[in-house]
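> got a sequence here, can you build the structure:
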Amino acid sequence: MAKEKFFKRYPWALHLLLMLGVSLVVLMLVFMVIRIYARQGEEYELPDMVGSNIAELQANNPIGLDIVVLDSVYRPGQEGGRILTQDPKGGTMVKKGRKLYITMTAFSPEDAVLPELAGLTVRQAVNELLAAGLLPGKLSFVEDPYKNNVIEQTSKGKTLYAGQQIARGTLVDLVVGLGDGTGRSVVPFVIGKTSDRARRDLLSASLNVGREHYSGVKNRLTAVVCRQEPDYTGVSKYPYGTSVELWYIDADATDVERMVREFQVDSSKIEDPDFIDDGRPTPEQLEEREDWSW
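Numbers count the residues shown, from 1 in each chain. So this is what the prediction gives:
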């Protein structure tokens, strides 16, 4: 009775209570919808799918990943549809329906236009080839008055010409001038790098990639260099065209960081102590610096 008299005397109070009640119910419904939509608390660890086939991923996708192919790269001799990179990386916690951005190997080669390479340095030519979707191959040095100057480009022994259309991923060999024949280069440090990165760095230094050893390696796409010969000293120089032999292992980011951190220069392999300073750290500097990184 007292409540009825109160609400009759103050009807606005009843309206206020009803408004508060309705607002509370609406807020509860909104938060429930947001919780369901955002799938709060429902996160899953994303597996590392680099090296696997996209068809397998599409057939076995329990968390409903939205797969977005950013690019495809043709690689001779490699199966099409193999995942090369993924974003987010394996081990990341994601929710259902998350977009997964990948690059993969192409099923068939696309045409690329061979850029003008004649007259460029080897480093410049390597960058131009990679930008065009082509792969720099072997360097052959011949007598020519201009040192480290690209003279022509070939593939499987046949001369190629600027503007020519060839399949993406084609290996393009470069014929390079020797100049006065004194061209020498410091072997770059490629420990911990993938085959593609190691090849780019060696060729850019006017050196060739020698035999590549993959004994025991499960995934060549992600394998990294664990040994190189000639070894890196930071000072020893080798004639242009010298082949650098590489050994690979399967490794994760932690292994790579450890290999780089624990690398020690073998001073017995320094062949030219009277080198011209090219700005690279000396073996003594490398050994003294615990924070040295590549």
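> and the protein, what are its domain boundaries?
Split into domains by automatic domain parsing, the chain comes to 43-105, 111-286.
> any chance of these in JSON lines, with mean neighbour count, mean pLDDT and distance to Leu16 too?
(Glycine included, C-beta is placed from N, CA and C.) JSON lines is the format used below for those (neighbours: other C-beta atoms under 10 Å; pLDDT from 0 to 100; distance: least, C-beta to C-beta, whole Å):
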{"stretch": "domain 43-105", "mean neighbour count": "14", "mean pLDDT": "85", "distance to Leu16": "40"}
{"stretch": "domain 111-286", "mean neighbour count": "16", "mean pLDDT": "87", "distance to Leu16": "60"}
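> any chance of those in a markdown table, with distance to Met19 too?
Shown next, in a markdown table, are the domains of the chain (distance: least, C-beta to C-beta, whole Å):
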| stretch | distance to Met19 |
| --- | --- |
| domain 43-105 | 36 |
| domain 111-286 | 57 |
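> to Val30, which of those domains lies closest?
Closest to Val30 of those, according to C-beta to C-beta: domain 43-105, at 19.7 Å.
> to Val25, which of the domains of the chain lies closest?
Nearest of the domains of the chain to Val25, taken as C-beta to C-beta: domain 43-105 at 27.6 Å.
> can you measure across the closest one, start residue to end residue?
With C-alpha to C-alpha, to the nearest Å as the measure, domain 43-105 spans 29 Å from end to end.
> how about stretch 231-246?
Stretch 231-246 has an end-to-end distance of 10 Å (C-alpha to C-alpha).
> likewise for stretch 32-48?
Across stretch 32-48, the straight-line distance between its terminal residues is 33 Å, by C-alpha to C-alpha.
> equivalent analysis for stretch 105-120, please.
When the termini of stretch 105-120 are compared using C-alpha to C-alpha, they are 29 Å apart.
> now it, how far from the chain's geometric center?
On the basis of C-alpha atoms, centre = their mean, to the nearest Å, stretch 105-120 is displaced by 19 Å from the centre of the chain it belongs to.
> which residues does the strand or helix carrying Ile166 contact?
Element membership of Ile166, judged by DSSP states H and E, is strand 165-167. Judged by C-beta atoms under 8 Å, 6 or more residues apart in numbering, the contacts made with strand 165-167 from elsewhere in the structure are Tyr74, Pro109, Glu110, Asp111, Ala112, Val113, Leu114, Leu134, Ser155, Leu160, Val172.
> report the distance from it to the chain centre.
Distance, stretch centre to chain centre, for strand 165-167: 24 Å (C-alpha atoms, centre = their mean).
> could you do stretch 141-149 as well?
What separates the centre of stretch 141-149 from the centre of its chain is 32 Å, taken as C-alpha atoms, centre = their mean.
> please renumber so the chain begins at 10
Happy to do that; since the first residue is 10 now, the last one works out to stretch 150-158.
> and the contacts of that stretch?
Taking C-beta under 8 Å, 6+ apart as the criterion, the residues outside stretch 150-158 that touch it are 128-131, 160, 184-192, 215, 249-250.
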